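S.K.: Provided below are the primary sequence and the corresponding predicted coordinates.
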Amino acid sequence: MSGFVEKPEPLQVPGLVHLHTGKVRDLYQNEAGDLVMVASDRISAYDWVLPTEIPEKGRVLTQLSLWWFDQLADLAPSHVLSTELPEGAPADWAGRTLVCKSLRMVQVECVARGYLTGSGLAEYNESRTVCGLALPEGLTDGSELPAPIFTPATKAAVGEHDENVSYEEVARQVGAETAAQLRQATLAVYSRARDIARDRGIILADTKFEFGYEDGTLILADEVLTPDSSRFWPADQWQPGRAQPSYDKQFVRDWLTSAESGWDRRSEQPPPALPQQVVDATRAKYVEAYERLTGLTWS
C-alpha cells in the first residue's frame, strides 16, 4: 500500500475544471482547452506523498523549469503558453502556475543517464546492462558512463514505481519513428543541460523528461531539470564508489529510514510527519539548487 497519506481536495476555481491530482502537481483545464498546471509544496518519498509540505517548493520547481525551458528552446519547444494567473485563482498560485498547451502526450518517461546510480546501478550489478544496454566492466556507484544513454521507463500511477524498459519495448509501444525522436531529443536536451550545469559546478547525473505532440511537433512538457526529476551532485564532492551528496530530498529519505522516524518502509503503514529541521534543510537544498544553476537569488 502506498500513495497519498492525506489526499488533498482540489480547489474549485471558476472557469477551471480539475483533471488530476498528482504527487506534486494539480492539473486543470480552462475554458479555452489549455491546461493549467499548479505545482504544490507536496513532497513524495518511497512511493508515498507525505503529509508534510516543503514551503515554496512548488514555486522553486516552477521557476527553475521556466529557466531551463529558456536554455533549451532551440533544441525542444516547451508546452508553456503563459505564466499569468488565471482569473479567480487563489493568490497562493502565483509563481507556481503554468498555462500550457494541451498535447498528445507520449506515455513514456524519457530518462537520460550520464552517470551510474539508482535503479541503473542495481541492474548493472546484476547483468552489466541498463535497460538492456551493455556497459563496460568495472563501473561503480557514481561512475561516469562512456557516453550518455537513453533508458526509458513506463509511467506509473501515484503510489507505484516507474518500470525501466528497453528501447525496443518503447518502439513496440509507440512506434519506431516516435521512439527514435524521443531518444534523440532526450539525449540532446540532457547533453545541453549537463554542460550548463557543469559550468556551474554541478553534475547532472540523470534526469527524466516528458514529451507530447502538437501537430506532429515534439514538445517538451511537464517540469524539466528540477531536483524532483533529476539527480544533481556538487562536482567538487563527486567520488565514485559511494552514494553522492545530492540536491534533492535525501534529507527526507534519510530521516524516514532512520530509527528516529520509527517508520518501517516495508510495512503498510503510512510514513509520519516530518520534523521541522528536515523541512528546513530540504527547502534550503531546493533553493540552493535553483541559485547555483540559474545564478539568481531566490526571493
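M.R.: Looks like it arrived, so ask away.
S.K.: Pro136 touches Ala147, doesn't it?
M.R.: No: under the criterion of CB atoms under 8 Å, Pro136 is not in contact with Ala147, lying 11.1 Å apart. Using the backbone N, CA and C atoms, a C-beta is placed for each residue, glycine as well.
S.K.: Name the surrounding residues that touch stretch 10-28.
M.R.: 7-8, 29-31, 35-40, 42-44, 49, 57-58, 61, 86-90, 158, 222-223, 228 (CB atoms under 8 Å, 6 or more residues apart in numbering).
S.K.: for stretch 262-275, same thing?
M.R.: In contact with stretch 262-275 (CB under 8 Å, 6+ apart) are residues 1, 5, 45-46, 48, 50-52, 252, 255-257, 261, 282.
S.K.: low pLDDT regions in the stretch 1-150 of the chain?
M.R.: 1-2 (pLDDT under 70).
S.K.: what about the strands in it?
M.R.: For the stretch 1-150 of the chain, applying DSSP state E, counting those that start in this stretch gives strands covering 3-4, 17-21, 25-29, 35-39, 44-45, 48-49, 80-82, 97-100, 104-105, 108-115, 129-130, 133-134, 144-150.
S.K.: and these as TSV, adding mean neighbour count and distance to Glu169?
M.R.: Formatted as TSV, those follow (neighbours: other CB atoms under 10 Å; distance: least, CB to CB, whole Å):
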stretch	mean neighbour count	distance to Glu169
strand 3-4	16	26
strand 17-21	14	25
strand 25-29	20	27
strand 35-39	23	28
strand 44-45	19	26
strand 48-49	22	28
strand 80-82	15	30
strand 97-100	22	28
strand 104-105	13	18
strand 108-115	24	10
strand 129-130	20	14
strand 133-134	13	13
strand 144-150	16	12
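S.K.: okay, those strands in TSV with distance to Gln237 next?
M.R.: Shown next, in TSV, are the strands of the stretch 1-150 of the chain (distance: least, CB to CB, whole Å):
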stretch	distance to Gln237
strand 3-4	34
strand 17-21	36
strand 25-29	31
strand 35-39	28
strand 44-45	22
strand 48-49	28
strand 80-82	33
strand 97-100	33
strand 104-105	36
strand 108-115	13
strand 129-130	24
strand 133-134	28
strand 144-150	15
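S.K.: what's the closest of these to Gly175?
M.R.: For Gly175, the closest of the strands of the stretch 1-150 of the chain is strand 108-115, at 11.3 Å, according to CB to CB.
S.K.: Which residues outside that closest one are in contact with it?
M.R.: 120, 130, 142-145, 148-155, 162, 164, 170, 173-174, 182-183, 185-187, 189-190, 194, 203-211, 231, 233.
S.K.: ok, 6 Å please
M.R.: With contacts defined as CB atoms under 6 Å, 6 or more residues apart in numbering, strand 108-115 is touched by 120, 144-145, 148-149, 151-153, 155, 162, 170, 182, 186-187, 190, 194, 205-209.
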